[in-house]
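> Predicted coordinates and the sequence they were generated for:
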Amino acid sequence: PPFSFILFSDVQEELPRVQDAYTIMNTFPEAQFMISAGDLTNNGEEAQLIEYQQRMRGLNIPQYVTPGNHDTFDTTDHDWHTLFGRHSHSFSFRETRFTFVDSAAATVDPIVYGWLKKWLDEGRDQLHIFTTHIPIIDPSGFRNGSFRSRQEAHKILAMLAEGNVDLTLYGHVHTYLHFTNGGIEAIISGGGGGWPERLDNIGRHFVLFTVDPVTQQVTHEAILVV
């Protein structure tokens, strides 16, 4: 049967009032879990990471996360791993593959490419949703919101396309955008609270997705947090 999940990223300095977003999320009982594409905190201090974990209790569903650049400013791997688990990981849920890759440094650690190839192979016949913090290619071209290397961006997009990935989810840019990236549907949602993009007039928000694993269709709706 179809199921739903939520994308919510870039909370940053709005962490103390994140519960107002969670309260709205809790009104969608069909949502099975929430995904964050990173920047849970403003600068990655251990106290902030602990506060985020504590505030997670206000949400009625599990969260699956990968770090953003702000989460790595002032912390160690031990802090993140102890509180949230691996930076890069993958799992299947109701015949849908979810893969998370750490791009907090605007690049991917070489060791992760081997893991990614394995996850792509495992999910080849499933609907496959890929999440990373920094957009592989900046769709607007002037936000400085993409991988540092265009060569690497081409490499990973080619891997995702060859691996039959159906949807890519990003944070980092504090707005909502729906576009295609190397022929793959892509959504940027950085509306957790970080300073919004002035030109877009899109403030705090999250995105609710509905997935039908049988037809391999995904629909979505951006929900404003006022």
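Thanks, I have it.

> so for the helix or strand containing residue 118, what's the average pLDDT?
With secondary structure defined by DSSP states H and E, residue 118 is part of helix 110-122. When pLDDT is averaged over helix 110-122, the result is 97.

> Which residues are in contact with the residue nearest to the spatial centre of the chain?
The centre of the chain sits closest to residue 37, judged by Cα atoms, centre = their mean, with a distance of 2.3 Å. Under the criterion of Cβ atoms under 8 Å, 6 or more residues apart in numbering, the neighbours of residue 37 are 7, 9-10, 66, 68, 131-133, 169-172, 189-190. Yep, even glycine has a C-beta here, placed from its N, CA and C like the rest.

> What is the neighbour count of the nearest residue to residue 173 once chain neighbours are set aside?
Taking Cβ to Cβ, 6 or more residues apart in numbering as the measure, residue 173 lies nearest to residue 145, with 4.2 Å between them; neighbours along the chain are not counted. Neighbouring residues of residue 145 were enumerated by other Cβ atoms under 10 Å; the total is 23.

> what sits against residue 145?
Residue 145 makes contacts with 134-135, 138, 172-173, 188, as judged by Cβ under 8 Å, 6+ apart.

> Give me the angle between the helix or strand hosting residue 155 and helix 110-122.
Taking DSSP H and E as the definition, one finds residue 155 inside helix 150-162. Using axes from the mean of the first three to the mean of the last three Cα atoms, to 10 degrees, one finds that helix 150-162 and helix 110-122 are set 20 degrees apart in direction.

> Could you tell me how far helix 150-162 lies from the centre of the chain?
Taking Cα atoms, centre = their mean, to the nearest Å, one finds the center of helix 150-162 at 18 Å from the center of the full chain.

> Can you name the element that comes right after the helix or strand bottoming out on mean pLDDT in the chain?
Comparing helices and strands within the chain by mean pLDDT, DSSP states H and E singles out helix 77-84 as the least confident, with a mean of 79. In the C-terminal direction, the helix or strand that comes right after helix 77-84 (DSSP H and E) is strand 89-93.

> Verify the stated contact: residue 193 with residue 204.
Yes - applying Cβ atoms under 8 Å as the test, residue 193 and residue 204 come out as touching, 5.6 Å apart.

> looking at it, residue 58 is touching residue 19, isn't it?
Yes - taking Cβ under 8 Å as the definition, residue 58 is a contact partner of residue 19 at 4.6 Å.

> Give the residues shared as contacts by residue 193 and residue 204.
A shared contact of residue 193 and residue 204, defined by Cβ under 8 Å, 6+ apart, is any residue touching both; here these are 14, 21.

> how many other residues sit next to residue 127?
Using other Cβ under 10 Å, residue 127 is surrounded by 23 other residues.

> Now do the contacts for it.
Contacts for residue 127 were tallied using Cβ under 8 Å, 6+ apart; they are 95-97, 166, 211, 213, 216, 218.

> Neighbour-wise, which one of the residues you listed leads?
Compared across the contacts of residue 127, residue 211 has the highest neighbour count, 25 neighbours, by other Cβ under 10 Å.

> Tell me if it really is in a helix.
No - the assignment for residue 211, made by DSSP: H, G, I helix; E, B strand; the rest coil, is strand rather than a helix.

> That concludes my questions; thank you for your assistance.
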